[in-house]
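Asker: Next one to model:
(2 chains)
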Amino acid sequence: MTRSLSSLRAALPTLALATLTAGAALPAQAAPIKVGIALDLSGAFAVPGAEARDGFTLALQQLGGKLGGQPAEFLMTDMGGSPDQAKQLVDRFVQRDKIDFFTGPIASNVTLAVAPSLAAAKVPYLSANAGPSQLAGAQCNPYFFGTAYQNDQFHEAAGQFAQERNFAKVYILSVNTPGGKDGITGFKRRYKGQVVDEVYTKLGQIDYANELAALRAAKPQALYFFLPGSMGVNFVRQFVAAGLSKDITLVSSGFSADEDIIPGVGEPMLGLFNTAHWAHDLDNAPNKAFVAAFRKAYNRYPSLYAAQAYDAVLAMNAAVRDVKGKVDDRAAVVAALAKANYASIRGPFSYGKNHFPVENFYLRMISRTPDGVITNRTLKPVFEKYADAYAAQCPMK
Amino acid sequence: MSATLIFEQLLNGAGYGLMLFLIAAGLTLVFGIMDVMNLAHGSLFMLGAYVAALVHVHTGSFALAVASAIGTMAVLALLLETTVVRRLYGRDHLVQVLATFGLILIADDAVKMLCGPAPLLAPTPAAFATSVELLPGLPYPAYRLLILATGIAVALGLYALVNHSRMGMLVRAGASDRWMAVLMGVRVHRVFSGVFVLGAALAGLAGALMGPVMAVQAGMGEAILIPAQVIVVIGGIGSVRGAFVASLLVGLVDIIGRAFLPPVLRTMLPPAVAADLGPLFSEVAMYALMAAVLTFRPTGLFSPKAA
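Answerer: Residues are numbered from 1 along each chain as shown, chains lettered A, B, ... in the order given. All right, here's what the predicted structure looks like:
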């Protein structure tokens, strides 16, 4: 099987070249703007991936399938959370489809795998979720925009909360990916108390019996965990089933405490503190409109992933509008994107010189709404206009 | 590391081992007695998990979910046996591997088409979502106790069936010398069908029970088929007793790599590296165990043919 796949892979560039020559023979015409979207519809991030798809889809519907008033084509394909598959897909997007924008992957390992080819092809990459430290620091490039957040920055907010609450002993549990490592670095940058232990688990792990046994023996005051998607659903359920919720306070980033996880776990999530740069109850007009439209379309609250995906399309739309549809002028597109000249649903924000956002972060708590739905409620800002820790290492101006 | 923690981790290892046993038991019977290499056994496990998850979500009854997983897999196995597997008896192993590998592809794509590529979330039954205080200071999830108890019950049941029943006698006769059994008047085909259905029912049971602690998704069968095959080889092909002992050994090796090794490694290495090495050790150690057993007992620990 592997052999047939690799021979197929070897044949792909030839195929792409063939299409290329065929395309060149056609008369020139106003081609639609093409957006490549690589989705996590299967694999370890299938749950967040489906949320992102719904966010993208809603934005596309609202824009009537256009970007900045220009006709646009959106190519959505599943890459199963696999860096290899995503890289193949991106090569196809770039060489055959000649995309003008790219977005989609949830996980940092996929982002790191595909960002170099996109930068080489000068295709702006709006990373709607992952914000790996490498691309924020020394390896930053003009075409990469962490439209949502930088990984460390996101978890620094949670670290700040843990520090303010003065937890004496914190145990850390995270998925073993580039995103997980960034996240824990970020948490520890702000939390100065005692870290009892730091445990990394396999991507896609479902059974946490071993980790829970070790956690019980370590007797920490709080547990900071970063297990996105279905990993988080299973972990919290098993944590509660193991009877640990009586003694240990759960603290999380917004990733393990949002709408992709809360409905799967239910009541045991009540009272969980978490932090994020967005919440569905943030009080600004674009966000209210988005949440209302999302609830109407899908009959549930949007998650962080859906919101970020929606927001990335708005950012693209504004950039195309500002360059008056001339997306071939890539320098102008990048300059337009960097201005963040649109009504973001997180509220106003700006980009640092590394193209990562300087934005607010909020403390949220999972509670019951008056009509009985278990969901997040925003309590207060943790950081205001907060930049990431890597901008200084980025050589861009 | 405290005694409680060691005990709890050993229980976790035993739970994993017993779950593998449910799959390996069916596999070893089918391979040992029918001489059919059934790779699709893992797919039966997967389908069992899907059936149970869907029934559980829609009816809310876990008992019904388990029963329907077992029942559906038994019926499906009967169909498979009469349409596909029966044609493979006596053919060479490569043909059997190809045919049953084809079944895996069909099964994986079928569940992707019907249920989508995203994993299903199989709920833990509400009655078992709590924990039981096994020792002072050791509450253990009730659902894991259920898995342990089921594994042991199935092991005892199979022991009684294989060693103390007429059906078992025929099965053992078929396993140790098929042609002699045929010549003595055993209706081997009927025994074969029975064994195949029993194996499938056990795989369905394993799938139903593992659903809530695993990701129910296409491909989950292949992932568990490999350790199950290793257990069959270590235990001796065709030996249920061997499969039982080998399952516990593999569960033990697995828990050493996952739970006992990483804390030691973390004292010398960065946490993220230690986290990679532990599970890697588990996998390597499982094969090392197999190699060691095969060196000293080339037919496995309890091979029926060696006796």
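Asker: Contact partners for residue B:82?
Answerer: With Cβ atoms under 8 Å, 6 or more residues apart in numbering or on different chains as the criterion, the residues that contact residue B:82 are residue B:193. The C-beta positions use only the backbone N, C-alpha and C, and glycine is treated the same way.
Asker: whoops, I mixed them up, residue B:27
Answerer: B:38, B:41, B:199, B:228-229, B:232, B:243.
Asker: Out of those residues, name the ones that lie in helices.
Answerer: Using DSSP state H, B:41, B:199, B:228-229, B:232, B:243 are the members of the contacts of residue B:27 that sit in helices.
Asker: helix/strand/coil for residue B:281?
Answerer: Secondary structure, DSSP: H, G, I helix; E, B strand; the rest coil: residue B:281 is helix.
Asker: in the chain, which spans are strands?
Answerer: Here I'm looking at chain A. Along chain A, counting by DSSP state E, strands occupy A:33-39, A:66-67, A:70-78, A:101-103, A:125-127, A:144-146, A:169-175, A:194-201, A:222-226, A:249-253, A:273-276, A:350-351, A:357-368, A:374-386.
Asker: looking at chain B here, not the other one
Answerer: All strands of chain B, identified by DSSP E, fall at B:131-135, B:138-141.
Asker: how many neighbours does residue B:95 have?
Answerer: By other Cβ atoms under 10 Å in any protein chain shown, the residues close to residue B:95 number 13.
Asker: these two touch, right, it and residue B:88?
Answerer: Yes - Residue B:95 is within contact range of residue B:88, at 6.5 Å (criterion: Cβ atoms under 8 Å).
Asker: Can you give me the buried ones in stretch B:164-184?
Answerer: The neighbour-count check on stretch B:164-184 (16 or more other Cβ atoms under 10 Å in any protein chain shown) flags B:168, B:170-176, B:178, B:181 as buried.
Asker: Hmm, which of the residues you listed is lowest in pLDDT?
Answerer: Among the buried residues of stretch B:164-184, residue B:175 carries the lowest pLDDT, at 73.
Asker: Would you enumerate the residues in contact with that residue?
Answerer: Per Cβ under 8 Å, 6+ apart, neighbours of residue B:175: B:29, B:32-33, B:238-239, B:304-305.
Asker: In space, what's closest to it - neighbours in sequence excluded?
Answerer: Using Cβ to Cβ, 6 or more residues apart in numbering or on different chains and skipping the chain neighbours, the partner closest in space to residue B:175 is residue B:238 (4.0 Å).
Asker: ok, the contacts of residue B:175 vs chain A, which is closest?
Answerer: For these, the minimum distance to chain A (Cβ to the nearest Cβ) is 26.8 Å, reached by residue B:29.
Asker: For the residue nearest to the closest one when sequence neighbours are not counted, list the residues it contacts.
Answerer: Among residues not flanking residue B:29 along the chain, residue B:195 sits closest, at 5.0 Å (Cβ to Cβ, 6+ apart). Contact analysis of residue B:195 by Cβ under 8 Å, 6+ apart lists B:29-30, B:33-34, B:171.
Asker: From chain B, how far off is residue A:192?
Answerer: Applying Cβ to the nearest Cβ, to the nearest Å, the value for residue A:192 to chain B is 18 Å.
Asker: which pair in the ones in helices among the contacts of residue B:27 spans the largest distance?
Answerer: Greatest spatial distance among those (Cβ to Cβ): B:199 and B:229, at 13.6 Å.
Asker: For these two, indicate the residue with more neighbours.
Answerer: Neighbour count, other Cβ under 10 Å: between residue B:199 and residue B:229, residue B:199 has more, with 28 against 20.
Asker: Find the nearest non-adjacent residue to that one, please.
Answerer: Nearest non-adjacent residue to residue B:199, counting by Cβ to Cβ, 6+ apart: residue B:26, 2.8 Å away.
Asker: Spell out which residues of chain A are next to chain B.
Answerer: Within chain A, the positions lying close to chain B (Cβ under 8 Å from any Cβ of the partner chain) are A:41-42, A:46-47, A:49-50, A:78, A:80, A:176, A:180-181, A:197-202, A:204, A:206-207, A:209-210, A:213-214, A:216-217, A:230, A:233-234, A:237-238, A:240-243, A:264.
Asker: Tell me the buried residues within the residues you listed.
Answerer: The neighbour count (16+ other Cβ under 10 Å) marks A:41-42, A:46-47, A:49-50, A:78, A:80, A:176, A:180-181, A:197-202, A:204, A:206-207, A:209-210, A:213-214, A:216-217, A:230, A:233-234, A:237-238, A:240-243, A:264 as buried among these.
Asker: What about residue A:251, how many residues nearby?
Answerer: Counted with other Cβ under 10 Å, residues neighbouring residue A:251 total 25.
Asker: now the helices: where do they sit in the stretch 1-150 of chain A?
Answerer: For the stretch 1-150 of chain A, the helices defined by DSSP state H, counting those that start in this stretch occupy A:2-25, A:46-62, A:83-92, A:108-120, A:133-136.
Asker: Dump the second one to CSV, restricted to CA.
Answerer: Presented in CSV, the C-alpha positions along helix A:46-62 are these (Å, rounded to 0.1, in the frame of the first residue of the first chain):
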residue,chain,number,x,y,z
ALA,A,46,-11.6,15.6,13.8
VAL,A,47,-13.8,17.3,16.4
PRO,A,48,-12.2,20.8,16.2
GLY,A,49,-11.8,20.2,12.4
ALA,A,50,-15.6,19.8,12.0
GLU,A,51,-16.1,23.0,14.0
ALA,A,52,-13.6,24.9,11.8
ARG,A,53,-15.5,23.6,8.7
ASP,A,54,-18.7,25.0,10.0
GLY,A,55,-17.1,28.4,10.7
PHE,A,56,-15.6,28.6,7.2
THR,A,57,-18.9,27.5,5.7
LEU,A,58,-21.0,30.1,7.5
ALA,A,59,-18.6,32.9,6.5
LEU,A,60,-18.7,31.8,2.8
GLN,A,61,-22.4,31.6,2.8
GLN,A,62,-22.7,35.1,4.3
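Asker: Residue of the stretch 151-300 of chain B closest to chain A, please.
Answerer: For the stretch 151-300 of chain B, Cβ to the nearest Cβ, closest residue to chain A: residue B:275, 3.5 Å.
Asker: what's the neighbour count on that residue?
Answerer: Counted with other Cβ under 10 Å, residue B:275 comes out at 24.
Asker: residue contacts, it?
Answerer: Residues in contact with residue B:275 (Cβ under 8 Å, 6+ apart) are A:176, A:199-202, B:262.
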